[in-house]
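Participant: The following block contains a protein sequence and its predicted model.
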Amino acid sequence: MDMTADQMPLRESDWTVPVYAQLPVEPIRGDGVYLETRDGRRILDLYGGHAVACLGYGHPGLLDALRTQAETLLFQSNAVPMAVRAEACRALAAFAPEGLNRVFLVNSGAEANENALRLAFRVTGRQQVVAVQGAFHGRTGAAAAVTWGARERWYGYPRLPFQVSFVPPDDVAALTAAVTEDVAAVIVEPVQGVAGAVDLSAEFLAAAENACRASGALLIFDEVQCGMGRSGYPFVAHAVGVNPHVLTTAKGLAGGFPAGALVTTDEIADRLQVGDLGTTFGGGPMACAAISAVIKAILEENLMEQVRAVSERIRSTCVLGPVHAIQGRGLLLGLRTGPPARVVRDALLERDILAGTSGDPNILRLLPPLTLGEAEVDRLARALKEISA
Ligand code: PLP
């Protein structure tokens, strides 16, 4: 029987700009670490919507917080103080490294980095930035300018807004030489996510702190992807014992509700004035309720301990089949594959397991919910064993 036009299912690609190569599955519901698709498949989600779904799907604490806040007050801006925002900022400051006590809430990772850089220029009065080769910091003007390969791949504007020098990952000498007294900020992803879960050495990260403290530049840790418990610690800064001046985070921050944040010291915050930073939606009550619920769940459900144990199990049981080695931290892992990672991702998806690719064609990226259990790791190992090397 032919369908009339109004009976045909809507096709997303007919109505959107063609900027995403989408996977051939349509999730309609989520439950824990599983996605249910329109055609009835149940898919183990090891990608978490680019690391966003840190509590998985249907977490009762997160849902209750959002439901209650929606029924109470859906939105008010930073023009007024709100207890729900005070609590989210208090919780995030307590979760952040020692000394980072003051929060500015935004809506995304790029926006958090944009504001962190703006803050660094304002506070130092300097005009240059040092970034790391391989880094990804977002697609807005300043964030894209400090992203590796910006001119060729990411930058859609006529010119870069400031001078950026890139140093190779883990090259302490190059980093130290680059951080002169003209440098406003060094921006670093302690685990480079888009690059393929490249974990920078603790030595390099400590050298970045030392160079910044010696020159008066600000050290910005971009923990948009690797933060919020994903490394097995609140932030990678805790794991490596390095104290940035500014830390940015987003993705898992509100467990799926859009939110980003920068967290900084009292001293830096006190140098800002009314109007220096701003946003309409950032710090809205729904995002704030979600941020508090996410941090509460991570702490009360011992998810960081679970992340460390599950990560260890992946590392010890999943180097098999097409996987030759594993890099990264916690549940931001890069599985080095013999065949192209894209081919392995497709083979896993045929077996109802969703994983991601990365900037490295031979790195398959895992960014699962922090609630992932050991049984799911065993399922991944069984699936990998079936895929040819
Ligand atoms: N920084 C890092 C490390 C990221 O991985 C991303 C996104 O992948 C961003 C910044 C940009 O975040 P958003 O896409 O929320 O703007």
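Facilitator: Structure received. Numbering: from 1, shown residues only.

Participant: Who are the contact partners of the closest residue to the ligand within the stretch 1-150 of the chain?
Facilitator: With CB to the nearest ligand atom, the shortest gap between the stretch 1-150 of the chain and the ligand falls at G109, namely 2.3 Å. (C-beta placed from N, C-alpha, C; glycine too.) Going by CB atoms under 8 Å, 6 or more residues apart in numbering, G109 touches H137, G138, A143, D222, V224, Q225, T248, T249, A250, K251, G260.

Participant: at 6 Å instead, please
Facilitator: Listed by CB atoms under 6 Å, 6 or more residues apart in numbering, the contact partners of G109 are G138, V224, A250, G260.

Participant: Inside strands: which ones of these?
Facilitator: Within the contacts of G109, residues falling in strands by DSSP state E are G260.

Participant: Distance to V188, neighbour count and pLDDT added to the contacts of G109, as JSON lines?
Facilitator: Putting the contacts of G109 into JSON lines (distance: CB to CB, whole Å; neighbours: other CB atoms under 10 Å; pLDDT from 0 to 100) gives the following:
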{"residue": "G138", "distance to V188": "14", "neighbour count": "24", "pLDDT": "97"}
{"residue": "V224", "distance to V188": "12", "neighbour count": "29", "pLDDT": "98"}
{"residue": "A250", "distance to V188": "16", "neighbour count": "28", "pLDDT": "98"}
{"residue": "G260", "distance to V188": "17", "neighbour count": "27", "pLDDT": "98"}
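
Participant: Helix, strand, or coil at the residue nearest to V164 when sequence neighbours are not counted?
Facilitator: In space, and not counting its chain neighbours, V164 is closest to V129: 5.0 Å by CB to CB, 6 or more residues apart in numbering. Under DSSP: H, G, I helix; E, B strand; the rest coil, the three-state class of V129 is strand.

Participant: low pLDDT regions in the chain?
Facilitator: 1-7 (pLDDT under 70).

Participant: and it, which of its residues are near the ligand?
Facilitator: 50, 108-110, 113, 136-138, 189, 193-194, 222, 224-225, 250 (CB under 6 Å from any ligand atom).

Participant: In PyMOL, how would I select the buried members of those?
Facilitator: Remark: buried members of the residues of the chain next to the ligand, expressed as a PyMOL selection using 16 or more other CB atoms under 10 Å:
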select buried, resi 50+108+109+110+113+136+137+138+189+193+194+222+224+225+250
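
Participant: Closest to V319 out of the residues of the chain next to the ligand?
Facilitator: G193 (20.8 Å; CB to CB).

Participant: Let me see the contact set for the residue most central in space within the chain.
Facilitator: With distances taken as CA atoms, centre = their mean, the residue of the chain nearest its centroid is Q225 (1.7 Å). Residues near Q225 by CB under 6 Å, 6+ apart: A51, G193, K251.

Participant: roughly how far apart are it and V25?
Facilitator: Separation of Q225 from V25 (CB to CB, to the nearest Å): 23 Å.

Participant: And for A145?
Facilitator: Taking CB to CB, one finds A145 at 35 Å from V25.

Participant: ok, those two, which is more surrounded?
Facilitator: With neighbours defined as other CB atoms under 10 Å, A145 and V25 compare such that A145 has more, 24 against 14.

Participant: do you know how far the more buried one is from E114?
Facilitator: A145 is 10 Å from E114, by CB to CB.

Participant: Can you show me the strands along the stretch 151-300 of the chain?
Facilitator: Here the stretch 151-300 of the chain has its strands, by DSSP state E, counting those that start in this stretch, at 163-167, 183-188, 191-192, 198-199, 218-222, 246-249, 260-264.

Participant: Okay, now the sheet partners of the fifth one, with direction.
Facilitator: What that stands for is strand 218-222. Neighbouring strands of strand 218-222 in its sheet, by DSSP bridges, are strand 183-188 (parallel), strand 246-249 (parallel).

Participant: Let me have these in CSV, extended by mean neighbour count.
Facilitator: Listed next are these as CSV, based on neighbours: other CB atoms under 10 Å:
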stretch, mean neighbour count
strand 183-188, 27
strand 246-249, 29
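
Participant: I'd like to know which of the ones you listed is closest to L62.
Facilitator: Among these, strand 246-249 sits nearest to L62 (CB to CB), with 16.7 Å.

Participant: Can you tell me how far I387 is from L366?
Facilitator: For I387 relative to L366 (CB to CB), the value is 15 Å.

Participant: actually T279, not the one I typed
Facilitator: For T279 relative to L366 (CB to CB), the value is 32 Å.

Participant: More neighbours: the two, which one.
Facilitator: Between T279 and L366, counting by other CB under 10 Å, L366 is the more crowded of the two (26 against 16).

Participant: The more buried one pairs with what?
Facilitator: Beta-bridge partners of L366, as defined by DSSP bridges: L333.

Participant: who's in contact with it?
Facilitator: Applying CB under 6 Å, 6+ apart, the residues contacting L366 are L46, L333, A355.

Participant: Ok, V164 next?
Facilitator: V129, A131, A145, V146.

Participant: list the contacts for the last one?
Facilitator: For V146, the contacting residues are V129, A131, H137, V164, I187, taking CB under 6 Å, 6+ apart as the criterion.

Participant: residues touching the last one, list them.
Facilitator: Taking CB under 6 Å, 6+ apart as the contact definition, I187 lies against A131, V146, I220.

Participant: cutoff 8 Å now
Facilitator: I187 neighbours (CB under 8 Å, 6+ apart): N113, A116, L117, V129, V130, A131, V132, A135, H137, V146, I220, D222.
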